[in-house]
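In: here is my input, please return the structure:
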Amino acid sequence: MTTTTLAVLVPLLPFLGAAAGLLLGRTAPGFVRPLAVLPTLASLVLAAMVAVRQGGDTAVDAATELTPTGSVPIELALHIDGFAALVAVLVGLVASCVQIYSTAYLREDPRYPSYAALVSLFTSAMFLVVYSGDLIVLLVGWEVMGICSYFLVGHYWETPEARAASIKAFLVTKLGDVPFLLGLFALATDAGSFRITKVLGAVAHDGLDHPTLIALLLLAGVAGKSAQFPLHTWLPDAMAGPTPVSALIHAATMVAAGVYFVARLLPVFEASQAAMVILAVMAAVTMAGSGVAALAQDDIKRVLAYSTIGQLGYMTGALAVGDRGAAVFHLLSHGAFKALLFLAAGVIIHAAGTNSLAAMSRMSHLRARVPDAFWTMTVALLALAAIPPFSGFFSKESVLGAAERAAAGHSEYAPAAAGWIVLVTGLLTALLTAAYAARLWLLAFNGRGAEAPDHGREPLPMTVVLWVLAAPSLAVGGLAYRTLPDWFDGQDLAPTLTTSVLGTGLALTGVLVVGAAWRHTTARAARVPMGAVAAHPERDAGAVEAEAIATHTPAYGDVAAAPDPADPGRLLLGPLHRHAAAGFHLDAVYLALFVRPVQAGASLVRFLDREVVDTYVSGAGTLPRWLGAAVRRAQTGNVQTYVSALLAGAVVLAVAAVLVATGA
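Out: Prediction:
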């Protein structure tokens, strides 16, 4: 079987699994779980085979014209280089883990068949984005992911939070997709083709007439899809969906698509120095702002959501300094440990019966209840904090090293200003990342008070997946930075001494500061009265999470949901905490600048339609109606009245004739 055939099967199998799962969900429910897991696992195996065959060598290209357009052709094309091959393996790995995990997490959910089918379709769409060699076909996968995210985020549609979050995610990402679509058309017009290879060829020969305009239009779509400032506000709210969905969106699909798109078309952005600086500023604001916001969140999933936004900022920062190898290296590393963080959080939420870190901090022995989640999340948090030798250290240092080289003027395409912006903000974010990672670990696993609910061991599919993802989070980074340059244009990914010392030192400083703040706050905090925490071993994790979302309170027992007085984030942020917890009120700004003016405009249009247009239309019919009423009164049906009127008319006409004749 050729590499091209294998590559075609990779997105096709999950798509067929999704279709079959929807068709058989009601008639043959026993087939739903195999149809969810097996096609995705098969795609993972096939993606690994494609990666082995591609081997980082010359890209695999194949194309067939879909239909003649009369102008720029649209082709069903594949373009698989080293980036695409490895990202596809990541997508398959995370999607397979999510599907396996979900069989236990949502085992009693009545909507599991549609959920599993949507996850498979989501996975198929991301595979299409990764392997596509034509921008229009890539756009199809891009938009299919958008609609899948709408349904999956709104899975618990009974709750207003889930409904609002799904609508917000859809609208904000579509806001970016409009200029993105215009950018694709402008790019194809300048290049004369939607084929990625031809577009890159045109860029290499200075064939773009409007590089800055095209780059900025495309960046709007990337900011929406990859949750970068200022279109990042949908991602924290999207945590209203099931936790496995969060793992899929944050680790391998949706938000990764924007970063991957820029990496694949990086020469288009490098053709504009202004676009590179704007990309660097966007990355810097995203990194720093999300790091502070994560330090103030109480919901464990919102902490991880802001963490994802910040890590994506690292990736876009690497792209802003012209190093797509470092960006995709961090994309791969982050995909593994972020999926692990979310899936471990799902286990913790099930055990604690709440999403609230404040409530978890008041539960003793939680780590003993979920030892697998405790150890694997510890590994993932160390990787997130970029502590050596975990994978996050090597990938994050590759980004900081690229920024250092750009700041020194050693980048061919990125200006030194972009390098300094990314480098300084990246080091600051290293401090913030380690700080909120330490805070999450302390609040979740070092609580004091009532016993956490004991419902026995977590289901085997959930714990096995955690350890599968812990392996790359622990060991891959040290091996990858030596082997990946052969796949990534030969660019050096090894950590540099300066940024390694600074980055690791700042990360350890963040951990130590949070630890000191934790000891100070716990020493002075009053004991919060604890209620009994009941065990409900018969309830699956999805039901527990759905109730916690719906009620804003722990789903088990009588644990207080008030803010934790021992929260080190409150002490460290001080007056800034309230603003950071609200995402710096960016939603309120959008409400004032965009939502309310649009609503006011809609109200004005409604008033004009009802009071002006409808009045004119109603008035235009009033006069004929009055005339008709007057004429209707003369139609009495009495023959004598008609004869009298006829005679009176004749007399009038006769008199008129005589008068006329006399006058003549």
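
In: give the contact list for the residue nearest to M49 when sequence neighbours are not counted.
Out: Spatial nearest neighbour of M49, chain neighbours left out: L6 (5.6 Å); criterion: CB to CB, 6 or more residues apart in numbering. No exception for glycine: its C-beta is placed from N, CA and C like everyone else's. Neighbouring residues of L6 by CB atoms under 8 Å, 6 or more residues apart in numbering: L46, M49, V50, R53.

In: what does V153 give?
Out: A162, A165, S166, A169, A238, A240, G241, V245.

In: if I look at it, how far off is P14?
Out: 19 Å (CB to CB, to the nearest Å).

In: now the helices for the stretch 151-300 of the chain?
Out: 160-191, 196-204, 211-225, 234-237, 243-251, 255-264, 266-270, 273-294, 300-320 (DSSP state H, counting those that start in this stretch).

In: let's have these in CSV, adding mean pLDDT.
Out: Shown next, in CSV, are those (pLDDT from 0 to 100):
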stretch, mean pLDDT
helix 160-191, 94
helix 196-204, 93
helix 211-225, 95
helix 234-237, 93
helix 243-251, 92
helix 255-264, 94
helix 266-270, 95
helix 273-294, 96
helix 300-320, 96
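
In: G224 and V172 touch, don't they?
Out: Yes: in this structure, G224 is within contact of V172 by CB atoms under 8 Å, at 6.0 Å.

In: what residues do those two have in common as contacts?
Out: L231.

In: which one's more surrounded, these two?
Out: G224 (26 against 23; other CB atoms under 10 Å).

In: how close does that one get to A284?
Out: Counting by CB to CB, the gap from G224 to A284 is 18 Å.

In: and for P179?
Out: Where A284 is concerned, P179 sits at a distance of 21 Å (CB to CB).

In: looking at these two, which is more packed in?
Out: A284 (25 against 18).

In: ok, now which ones touch the nearest residue to the more buried one once chain neighbours are set aside?
Out: Setting aside the residues directly before and after it, A284 is nearest to T425 in space (CB to CB, 6+ apart), at 3.9 Å. Residues near T425 by CB under 8 Å, 6+ apart: A283, A284, M287, A288, G317.

In: distance of A88 from M276?
Out: From A88 to M276 the distance is 27 Å (CB to CB).

In: isn't A339 up against V94?
Out: Yes: using CB under 8 Å, A339 is in contact with V94, at 4.7 Å.

In: how about the residue nearest the centre of the chain: what's its closest non-neighbour residue?
Out: In the chain, the C-alpha nearest the mean C-alpha coordinate belongs to V255, at 4.5 Å (CA atoms, centre = their mean). The shortest distance from V255 to any residue other than its chain neighbours is 4.9 Å, reached at S226 (CB to CB, 6+ apart).

In: any idea of the pLDDT on that neighbour?
Out: pLDDT recorded at S226 is 93.

In: count of neighbours near it?
Out: S226 has 28 nearby residues by other CB under 10 Å.

In: could you shift the numbering so residue one becomes 44, and keep it that way?
Out: All set: I'll call the first residue 44, so the last point we hit is now S269.

In: ramachandran angles for it?
Out: phi -100, psi 20 (degrees, to the nearest 10).

In: next: L109.
Out: Dihedral pair for L109: phi -70, psi -50, per degrees, to the nearest 10.

In: was I right to think it contacts I117?
Out: Yes: using CB under 8 Å, L109 is in contact with I117, at 5.1 Å.

In: so between the two, which is more surrounded?
Out: I117 (18 against 14).

In: now that one: how far from A106?
Out: To A106, I117 is 10 Å away according to CB to CB.

In: what sits in contact with each of the two?
Out: Residues touching both I117 and A106 (CB under 8 Å, 6+ apart): D177.

In: how close does the closest residue to D220 other than its chain neighbours sit to I190?
Out: Leaving out its chain neighbours, the residue that sits closest to D220 by CB to CB, 6+ apart is G264, at 5.3 Å. Distance of G264 to I190, given as CB to CB: 15 Å.

In: now swap in H620 and tell me
Out: H620 sits 37 Å away from I190, going by CB to CB.

In: the two - which one has more neighbours?
Out: H620 (18 against 14).

In: buried ones in the helix or strand hosting that one, by neighbour count?
Out: Using DSSP states H and E, H620 falls within helix 619-624. For helix 619-624, a neighbour-count test (16 or more other CB atoms under 10 Å) marks H620, A623, A624 as buried.

In: average pLDDT for the helix or strand just after that helix?
Out: Scanning forward in sequence from helix 619-624 by DSSP H and E, the next helix or strand is helix 629-633. In this model, helix 629-633 has a mean pLDDT of 91.

In: again with stretch 87-94
Out: The model assigns stretch 87-94 a mean pLDDT of 96.

In: export that stretch to CSV, keeping only CA atoms.
Out: The C-alpha trace of stretch 87-94 is given here as CSV (Å, rounded to 0.1, in the frame of the first residue of the first chain):
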residue,chain,number,x,y,z
LEU,A,87,-3.0,6.4,14.7
VAL,A,88,-1.3,3.3,13.4
LEU,A,89,-1.6,4.5,9.8
ALA,A,90,-0.3,8.0,10.7
ALA,A,91,2.7,6.4,12.4
MET,A,92,3.3,4.3,9.3
VAL,A,93,3.1,7.4,7.1
ALA,A,94,5.6,9.2,9.5
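
In: so what touches that stretch?
Out: In contact with stretch 87-94 (CB under 8 Å, 6+ apart) are residues 46, 49-50, 52-53, 56, 103, 123, 128-129, 131-132, 134-136, 138-139, 170.

In: go again using 6 Å as the cut-off
Out: By CB atoms under 6 Å, 6 or more residues apart in numbering, the list of residues contacting stretch 87-94 from outside reads T46, L49, A50, L52, V53, A128, A131, V132, G135, L136, S139.

In: low-confidence stretches in the stretch 494-643 of the chain?
Out: 494-499, 567-582, 591-608 (pLDDT under 70).

In: where exactly do the helices run in it?
Out: Under DSSP H, counting those that start in this stretch, the stretch 494-643 of the chain gives helices at 503-526, 540-567, 584-594, 611-616, 619-624, 629-633, 639-650.

In: which elements pack onto the first one?
Out: Which is helix 503-526. helix 125-148, helix 367-395, helix 414-427, helix 434-450 (3 or more CB pairs under 6 Å, 6 or more residues apart in numbering; DSSP states H and E).
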